[in-house]
Every structure is written in structure tokens, then in C-alpha cells.
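A.B. asks: From the sequence below, what's the structure:
(one chain, ligands or ions: 1)
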Amino acid sequence: MPLDLYYDAVSPPCRAVMLTCRALDLDVNMKYLDLMKGETKTPEFIAINPQHTLPTLVDGDLKIWESRAICTYLVGQYGKNDSLYPKDPIARAKVDRLLYFDMGTLYKRFGEVVYPVFRGETKEIVPAKLDALYEAMGWLEGYLEGNKWAAGDKITVADFVLVSSVQAFEVTKINISKFKNIAQWLSNCKQQLKGYGDVCDKAMAMIKKMTEETHSNINLWKD
Ligand SMILES: N[C@@H](CCC(=O)N[C@@H](CS)C(=O)NCC(=O)O)C(=O)O
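C.D. replies: Numbering: from 1, shown residues only. Okay, the predicted model is just below:
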């Protein structure tokens, strides 16, 4: 039974799942819904996911959303081994910590700074919110110290999830070069994650264009 993935690559959570699918070499039926056109709000899609969020995966009778849950499900169900999401409780705890850190802190803080501007709700950045984002980046910088990949010396789903957030920081003109470990890890991801360019390049160009349209007078750079 083929997997159906409802997605729009402009969304970081969707890119995390797409990178996971590439890493696992999965044959996926890609079902594009245009977020900008509100295509998640149709009765047909709400019948699949009442929360109407992308990404959403349909695998036979299983309908699942929440990107990080999809990534870990896919590894458990289809991975040839557990390398991308280790079964060992300690190794898994280190990956899970990063998945929750991304959802509850890093990506959340990014969204609080940038999305109100993208949505045209404000033209002002709240300085405390920008400080909070850079604070979270400082924590990520520390977690990456001495590690090639987010959770250690092997690629895990934490890399797919975190890079999908951090790559958006770069095109929205947040200063990544201030954080040497993040900059090096981002470069590793660009070069070594399977399908990175296919999954991310077009979406990054779109986000860059949106940034130029909405953020031209807004400074997110901090030295
Ligand atoms: N925590 C969720 C967030 C999902 C989410 O909010 N997706 C947004 C795009 S980034 C969406 O689908 N918005 C359209 C809608 O809510 O109708 C995840 O990681 O999957």
C-alpha cells in the first residue's frame, strides 16, 4: 500500500518529514496542498486530519500528523535499522530532547518573531522575542559542541527536524555566522543529507522572496 504524504515544502515540519522519507528511500505518493491558498481547509482534508495541518501521512488505516511523530513512525516502521531513531533508551532520550526542543523552543521562538510579519499582522519586531530566539540558538550552539550531528556522531531524525527550522533562519536574515557550530552543522547537512537540495532549495527561494517582500525594513540580524 503506497504512503500518501500531504505537504507543502514551504513548511519546516513538512521538510523534516520529506528529508526522513529521502533518508529511508521511501516510495511516497506526494500530495501537494498550497498553504498560501488555504488548501488545508477543505472538507476532504479535514476528514483526514481534523486539525488540518501539514504534514499529514496516510499509511493504510493509519492517518498521522505532527511532523516529529511522523518522522519517528517512519523510521520505526520502514527503517532497515534504528540508526535514525535509536531504540536504546539513552540514545533515544537524546534525540527526543532535541525534537521537543525544536518544537517547544527553537522553532516556536522563530515563529513568534517571523510569522506575524509574514502574515502582515505587524511591521515591528518585539526585541525581547528576537533576543529569545538568539538565546535558543545559543543553546543549540552548545548542544552541537564536539558533535558532527545534532545527537552525536550519527545522523538522526533530530537533524532533519532541526535543519528544517535553521535553514529558514538563514533566508530570513538571522545571523547564523555568529554561531560557529550551527554554521558548520548546517553546512554538513547541506552537503550530506540525502535529497537536501530537492526538498529544500525551491522552498528556501520562496521564503527568501517572502522575506524580501515583508521584511525589507526589518532587521533580524544581531552581531
Ligand atoms: N506541530 C505541527 C505543526 C503543523 C502546522 O502547524 N503546520 C502548518 C504549516 S507550517 C499548517 O499546516 N497550517 C495550515 C493550517 O493550520 O490549516 C507539526 O510539526 O506538524
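
A.B. asks: can you list the residues of this structure near the ligand?
C.D. replies: 11, 13, 35, 40, 41, 52, 53, 54, 55, 65, 66, 67 (Cβ under 6 Å from any ligand atom). Any C-beta I mention is one placed from the backbone N, CA and C, and that applies to glycine too.

A.B. asks: In contact with the fifth one, which residues?
C.D. replies: Residues in contact with residue 41 (Cβ atoms under 8 Å, 6 or more residues apart in numbering) are residue 52.

A.B. asks: Show me the residues of the chain next to the ligand that map onto helices.
C.D. replies: 13, 67 (DSSP state H).

A.B. asks: Filter the residues of the chain next to the ligand down to just the ones in strands.
C.D. replies: residue 65 (DSSP state E).

A.B. asks: buried subset of the residues of the chain next to the ligand?
C.D. replies: 11, 13, 35, 40, 52, 53, 54, 55, 65, 66, 67 (16 or more other Cβ atoms under 10 Å).

A.B. asks: Look up the closest residue to the second one, ignoring the ones flanking it.
C.D. replies: Beyond its immediate neighbours in the sequence, the residue positioned closest to residue 13 (Cβ to Cβ, 6 or more residues apart in numbering) is residue 67, lying 3.4 Å away.

A.B. asks: For the residue nearest to the spatial centre of the chain, give me the pLDDT.
C.D. replies: Centroid check for the chain by Cα atoms, centre = their mean gives residue 164 as the closest residue, at 3.0 Å. Looking at residue 164, its pLDDT stands at 98.

A.B. asks: Confirm residue 31 sits in a helix?
C.D. replies: No. Counting by DSSP: H, G, I helix; E, B strand; the rest coil, one finds residue 31 to be strand, located in no helix.

A.B. asks: Is residue 136 in contact with residue 106, as I believe?
C.D. replies: Yes. Counting by Cβ atoms under 8 Å, residue 136 does reach residue 106; the two are 4.7 Å apart.

A.B. asks: on that earlier part again, what two of the buried ones among the residues of the chain next to the ligand are the furthest from one another?
C.D. replies: 35 and 66 (16.5 Å; Cβ to Cβ).

A.B. asks: How far does stretch 176-192 sit from its chain's centre?
C.D. replies: 15 Å (Cα atoms, centre = their mean, to the nearest Å).

A.B. asks: who's in contact with that stretch?
C.D. replies: Against stretch 176-192 from outside (Cβ under 8 Å, 6+ apart): 134, 137-138, 140-141, 144-145, 147-150, 155, 159, 163, 166-167, 169-170, 196, 222-223.

A.B. asks: Pull the number of nearby residues for residue 125.
C.D. replies: 17 (other Cβ atoms under 10 Å).

A.B. asks: gap between it and the ligand?
C.D. replies: When distance is defined by Cβ to the nearest ligand atom, to the nearest Å, residue 125 is 20 Å away from the ligand.

A.B. asks: residues contacting the residue lying closest to that residue once chain neighbours are set aside?
C.D. replies: Spatial nearest neighbour of residue 125, chain neighbours left out: residue 218 (5.7 Å); criterion: Cβ to Cβ, 6+ apart. Contacts for residue 218 were tallied using Cβ under 8 Å, 6+ apart; they are 117, 123, 124, 125.

A.B. asks: Could you pull up phi and psi at residue 218?
C.D. replies: When read as degrees, to the nearest 10, the backbone of residue 218 gives phi -110, psi 130.

A.B. asks: That one and the ligand, how far apart?
C.D. replies: For residue 218, the distance to the ligand - Cβ to the nearest ligand atom - is 20 Å.
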